[in-house]
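Peer 1: quick one: sequence and predicted model below, then my questions.
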Amino acid sequence: MAQLAESILNYVSQNGDVNTIKLAKHFNEDHQKVIGALKSIQAHGDLLLAEPVSEKKVELTDEGRLVAENGNHEANIFKAVPQDGIPQADLMKIPNAKVGFSKAMSAGWIVVDKSITPPLVKRKVPEIEDLVQNHLKVIETGGTSNISEKDKQDYKKRKLIQEVIIKSYDLKKGPEFSTSLTKLETDLTGEMLTTGSWKNLKFKDYNFDALGAPLESGYLHPLLKVRSEFRQIFLEMGFSEMPTNNYVENSFWNFDALFQPQQHPARDAHDTFFISDPPVSTKFPQDYLERVKKVHSKGGYGSQGYGYDWKIEEAQKNVLRTHTTAVSARMLYKAAQQKEFKPIKLFSIDKTFRNETLDATHLAEFHQVEGVIADYGLTLGDLIGVFAEFFKKLGIDQLEFKPAYNPYTEPSMEIFCFHPGLGKWIETGNSGIFRPEMLLPMGLPEDVCVIAWGLSLERPTMIKYGFNNIRDLVGPKVDLEMVQRSPICRLNK
Ligand SMILES: N[C@@H](Cc1ccccc1)C(=O)O
């Protein structure tokens, strides 16, 4: 590059003004390379003045090049017709015969003699001039002057030629012209400052478009990036974060407090990881536990309950929490114990565990994004309104809801979002209004209503970063370079 740059300077010094296309031909170099060398000359100051010029040029298309080489379709048809004629079917076997035949007919070069069967194609004139081929040959070498505008239009229509715009520069000597390039300094050193040598040195311009060096630091995993985006959205909406640092729960908070009957299938060993050491919890708020027992077995608060024999042994079993709604239950119970109930908006984003069959989209542990609002007189309309705002901040404004079932919410709705990138509706989460059988035993005022929803964190992360196997995102097979390469997550772009 430096060599080409100096050759350009020498050329201008000896021959004066020149255009970069001419230089490219002269040095037998690619025009883009000449432009690159010009840019590096310009980085050294005003050695050259470069005036941009754009010029329309006509050049041959691929097909045009073939015609220039082998002749025009109609001329090839003419050449293929021998003195005594040829059956039309044989003639039509040559390439581009259809176009060539009709053009040769209308030019009056050939005739079809129908007095014989099969009809014979014969020459009508002794010889022809392949004007198209001759013209294209001229255009190929850069000349167009003696070709009529009408012919040019015709060739353009036949896609034999095309117009291109070529950008180049007219160069002339600048105020700082020199034929040699001094090395540009990139660092201002202490020595330059003390000796004053910096005054006579030339410094390289800052390149603000250059990529920075990779940081020598830790990198956030995509899941953590998406988590911080969700967290930001909750904080903007005035939610406070729940403490979720207890992966081990007992069944009481994970299930019973949420009005999930003790025979519920989610509790059996297919879905829940039970803890063997220590297998049980022993401390519970006793009066609350009694109220939970009663609502399950006998009902109350206007409910019939489930009418089964509720057992403390079942509630004591320690488990890896199967959802963060266990934490929401603890927080709501705590809020109910305050002297005066105050409305609350809570969220959490943390791990949950389920004994799932592992596949491309399921792992035995995943993160839940959970939101809870407790206030007087909330309705399903509020739940939908909060979703509209929450999902709008994620960049999603098309939502649909499907009735669903959870033991602890009524009504319950699955949330579907339309993903414009994937062009389809995606099941995103689950939601509902907590049942009185869950809230009233806690001691919350009767007219307090609690709306809540839960999403997975992995799903939007996989969509956002384009993963289709969860093992590429989580687990021992994760590519650490993927973690470094993954950009910051902006959910709404
Ligand atoms: N706990 C539910 C999510 C949810 C939270 C709050 C209300 C309703 C549903 C789940 O695990 O899927």
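Peer 2: Noted; the coordinates are in hand. Numbering: from 1, shown residues only.
Peer 1: CA atoms only: put stretch 5-21 into PDB for me.
Peer 2: Output for stretch 5-21, consisting of C-alpha atoms alone and laid out as PDB, is shown next (Å, rounded to 0.1, in the frame of the first residue of the first chain):
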ATOM      1  CA  ALA A   5       0.900   5.500  -2.400                       C
ATOM      2  CA  GLU A   6       4.400   6.800  -3.200                       C
ATOM      3  CA  SER A   7       4.100   5.700  -6.900                       C
ATOM      4  CA  ILE A   8       0.900   7.800  -7.100                       C
ATOM      5  CA  LEU A   9       2.700  10.800  -5.600                       C
ATOM      6  CA  ASN A  10       5.600  10.300  -8.100                       C
ATOM      7  CA  TYR A  11       3.200  10.100 -11.000                       C
ATOM      8  CA  VAL A  12       1.500  13.400 -10.000                       C
ATOM      9  CA  SER A  13       4.900  15.000  -9.500                       C
ATOM     10  CA  GLN A  14       6.000  14.100 -13.000                       C
ATOM     11  CA  ASN A  15       2.800  14.200 -15.000                       C
ATOM     12  CA  GLY A  16       0.500  16.600 -13.100                       C
ATOM     13  CA  ASP A  17      -3.200  16.200 -12.700                       C
ATOM     14  CA  VAL A  18      -4.700  12.700 -13.200                       C
ATOM     15  CA  ASN A  19      -7.800  10.700 -12.600                       C
ATOM     16  CA  THR A  20      -7.700   7.600 -10.400                       C
ATOM     17  CA  ILE A  21      -9.200   5.400 -13.100                       C
END
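Peer 1: buried ones in that stretch?
Peer 2: For stretch 5-21, the neighbour count (16 or more other C-beta atoms under 10 Å) marks A5, S7, I8, L9, Y11, V12, V18, N19, T20, I21 as buried. (Glycine included, C-beta is placed from N, CA and C.)
Peer 1: what does that stretch contact?
Peer 2: 23, 26-27, 31, 34-35, 37-38, 40-41, 47-48, 53, 166, 168-173, 177-181 (C-beta atoms under 8 Å, 6 or more residues apart in numbering).
Peer 1: one more: stretch 159-169?
Peer 2: Residues from elsewhere that reach stretch 159-169 (C-beta under 8 Å, 6+ apart): 19-21, 31, 35, 38, 50-61, 63-64, 67, 132, 136, 139, 152, 155-156.
Peer 1: now which of these would you call buried?
Peer 2: By 16+ other C-beta under 10 Å, the contacts of stretch 159-169 give 19-21, 35, 38, 50, 58, 60-61, 64, 67, 132, 136, 139, 152, 155 as buried.
Peer 1: and which of those is nearest to the ligand?
Peer 2: Nearest to the ligand, judged by C-beta to the nearest ligand atom, of the buried ones among the contacts of stretch 159-169 is I35 at 59.0 Å.
Peer 1: does that closest one lie in a helix or a strand, and which?
Peer 2: Per DSSP states H and E, I35 falls inside helix 31-42.
Peer 1: chain center to that helix: distance?
Peer 2: 34 Å (C-alpha atoms, centre = their mean, to the nearest Å).
Peer 1: the helix or strand following that helix pairs with which strands?
Peer 2: Sequence-wise, the next helix or strand downstream of helix 31-42 (DSSP H and E) is strand 48-60. Applying DSSP bridges, strand 48-60 is found paired with strand 161-173 (antiparallel).
Peer 1: before we move on, the earlier item: tell me the buried residues in the helix holding I35?
Peer 2: Within helix 31-42, the residues that qualify as buried by neighbour count (16+ other C-beta under 10 Å) are V34, I35, A37, L38, I41, Q42.
Peer 1: excluding sequence neighbours, find me the nearest residue to the second one.
Peer 2: For I35, the nearest residue in space outside its immediate sequence neighbours is T20; the separation is 6.3 Å by C-beta to C-beta, 6 or more residues apart in numbering.
Peer 1: how near is the one you found to F27?
Peer 2: Distance, T20 to F27, using C-beta to C-beta, to the nearest Å: 10 Å.
Peer 1: common neighbours of the two, please.
Peer 2: Common neighbours of T20 and F27, using C-beta under 8 Å, 6+ apart, are V34.
Peer 1: return the distance of E313 relative to K173.
Peer 2: According to C-beta to C-beta, E313 and K173 sit 96 Å apart.
Peer 1: for the two, indicate the residue with more neighbours.
Peer 2: The residue with more neighbours, out of E313 and K173, is K173; 16 against 9, by other C-beta atoms under 10 Å.
Peer 1: residues contacting the more buried one?
Peer 2: The contact partners of K173, taken as C-beta under 8 Å, 6+ apart, are V12, S13, G16, L47, L48, L49.
Peer 1: those into TSV, with extra columns for distance to the ligand and pLDDT?
Peer 2: Listed next are the contacts of K173 as TSV, based on distance: C-beta to the nearest ligand atom, whole Å; pLDDT from 0 to 100:
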residue	distance to the ligand	pLDDT
V12	73	95
S13	77	94
G16	78	93
L47	68	92
L48	68	94
L49	69	95
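Peer 1: still on that earlier bit, by how many degrees do the helix holding I35 and strand 161-173 diverge?
Peer 2: 20 degrees (axes from the mean of the first three to the mean of the last three C-alpha atoms, to 10 degrees).
Peer 1: which strands and helices sit next to helix 31-42?
Peer 2: With contacts taken as 3 or more C-beta pairs under 8 Å, 6 or more residues apart in numbering; DSSP states H and E, helix 31-42 sits against helix 2-15, helix 20-27, strand 48-60, strand 161-173.
Peer 1: nearest to I451, of the ones you listed?
Peer 2: I451 lies closest to strand 161-173 among those, at 60.5 Å (C-beta to C-beta).
Peer 1: the closest one to helix 2-15, inter-axis angle?
Peer 2: Going by the same axes, to 10 degrees, strand 161-173 makes 70 degrees with helix 2-15.
Peer 1: name the residues of strand 161-173 that are buried.
Peer 2: For strand 161-173, by 16+ other C-beta under 10 Å, it's I161, S168, Y169, L171, K173.
Peer 1: save those residues as JSON lines, and put in distance to the ligand too.
Peer 2: JSON lines is the format used below for those (distance: C-beta to the nearest ligand atom, whole Å):
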{"residue": "I161", "distance to the ligand": "65"}
{"residue": "S168", "distance to the ligand": "64"}
{"residue": "Y169", "distance to the ligand": "64"}
{"residue": "L171", "distance to the ligand": "69"}
{"residue": "K173", "distance to the ligand": "74"}
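Peer 1: report the separation between E458 and the ligand.
Peer 2: Separation of E458 from the ligand (C-beta to the nearest ligand atom, to the nearest Å): 13 Å.
Peer 1: and that residue, what pLDDT?
Peer 2: As predicted, E458 sits at a pLDDT of 91.
Peer 1: compute the number of surrounding residues for it.
Peer 2: 22.
Peer 1: kindly report the residues of the protein close to the ligand.
Peer 2: Residues of the chain lying near the ligand by C-beta under 6 Å from any ligand atom: H323, T325, E370, N406, T409, N430, S431, G432, A452, W453, G454.
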